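Enquirer: Fold the stuff below for me.
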Amino acid sequence: MNHRLSLEHIAAAMQIIDPLFLHTPQYRAESLEALLGCRLVVKIETLNPIRSFKGRGASYFLSQVPVGSRLVCASAGNFGQAMAYACRAKGVQLVVYASVNANPLKLQRMQALGAEVRLHGEDFDAAKAEARRVAQTTGTPMVEDSLEVATGEGAGTIGLELLGWPEALDCVLVALGNGALLTGVGRWVKAHAPATQVIGVAAAGAPAMVDSWRSGRIVEYPTMNTIADGIGVRVPIPEAVQDMQGTVDDCILVRDETLITAMRLLHQHLGLVVEPSAAVGIAAILEDRERFAGRLVAAVICGGNVTAEQVGRWLV
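Expert: Numbering: from 1, shown residues only. Presented below is the predicted three-dimensional model:
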């Protein structure tokens, strides 16, 4: 089948993306393995200036943008930070639309990195709709995470690095929000290690992407209810859902209470402070230990932007 995401572009992105986002740590989390009942490889994407994997896709996309351009995007926080960081380095002006309920730490970081931040709507999808309206009205190009192919191709470099593990992985657990991370990783892994299962993990309170993929039609919801703001999607991108075909073997929904347990385990055992979206892989194992028992499982730990209040509420 034809894929929007190019294997050649993913390979080329390894030479283009800002090196500080590449070759992130991946190692056996042995202290967690006895508790989870499987062999676990974690890939840590939080040790960079934006504490998120999003820098890969933003950096790759900005390599194609002329100096002095002006762009608009929408973000729950991490993509906006990545775009702000990459735009500042390239000399590109950026306006980010975010929800009035967005994580305040992420908003502050976007502004500190040079973006103009505008708040609109109760959630990410409402902010994105406003960003699209303004972009169309003003003629300013809008960069939509997961719709823009380069964001998924940049994220696909994570899959390339994961397959450098010396043993064949039985499965890879990847957060599913708008889809760039899952489809990018899945595109590379299924092409080069087809026996490795690629499993997307989303929040039970925001099932739109999973329901759309399973049903073969776009399923939208009027509201969502999850602490995992980074993967809180109500309105799927049709192209991203299509990108999941042939690159994703299964999807899992996990509960918020399990996400908190997973966050605490990552903190207690590995010293990691992660946001709920980054703990979905561990949460998936916790909710179905039998499925993963004895297998070699990789989990992408994709973001670490939490406020001091959230740390006190979830990790202490």
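Enquirer: any idea how far the spatially most central residue of the chain is from residue 68?
Expert: The centre of the chain sits closest to residue 181, judged by C-alpha atoms, centre = their mean, with a distance of 4.8 Å. Distance from residue 181 to residue 68, counting by C-beta to C-beta, to the nearest Å: 30 Å. To be clear about C-beta, it is placed using only N, CA and C from the backbone, and glycine gets the same treatment.
Enquirer: swap in residue 32?
Expert: 47 Å.
Enquirer: Report the buried residues of stretch 13-25.
Expert: For stretch 13-25, the neighbour count (16 or more other C-beta atoms under 10 Å) marks 13-14, 16-18, 21-22, 24 as buried.
Enquirer: So which of those residues are in helices?
Expert: Counted as lying in helices by DSSP state H, out of these, are residue 13.
Enquirer: right, and out of the buried residues of stretch 13-25, which lies closest to residue 187?
Expert: Taking C-beta to C-beta as the measure, residue 13 is the one of the buried residues of stretch 13-25 closest to residue 187, at 11.9 Å.
Enquirer: Was I right to think the closest one contacts residue 155?
Expert: No: contact between residue 13 and residue 155 fails when scored by C-beta atoms under 8 Å: they sit 9.2 Å apart.
Enquirer: which residues are common contacts for the two?
Expert: Taking C-beta atoms under 8 Å, 6 or more residues apart in numbering as the contact rule, residue 13 and residue 155 both touch residue 56.
Enquirer: all strands for the stretch 151-300 of the chain, in order.
Expert: Secondary structure of the stretch 151-300 of the chain by DSSP state E, counting those that start in this stretch: the strands cover 171-175, 197-203, 250-254, 296-301.
Enquirer: brain fart, the stretch 1-150 of the chain
Expert: 26-28, 39-44, 70-74, 93-98, 116-119, 142-143.
Enquirer: Name the residues of stretch 297-309 that are buried.
Expert: 297-306.
Enquirer: per-residue confidence for the residue nearest to residue 77 when sequence neighbours are not counted?
Expert: Sequence neighbours aside, residue 106 is the residue nearest to residue 77 in space, at 2.7 Å (criterion: C-beta to C-beta, 6 or more residues apart in numbering). Looking at residue 106, its pLDDT is 94.
Enquirer: quick one on the thing from earlier: could you redo the strands of the stretch 151-300 of the chain as a markdown table and give each row distance to residue 236?
Expert: Shown next, in a markdown table, are those (distance: least, C-beta to C-beta, whole Å):
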| stretch | distance to residue 236 |
| --- | --- |
| strand 171-175 | 15 |
| strand 197-203 | 11 |
| strand 250-254 | 12 |
| strand 296-301 | 20 |
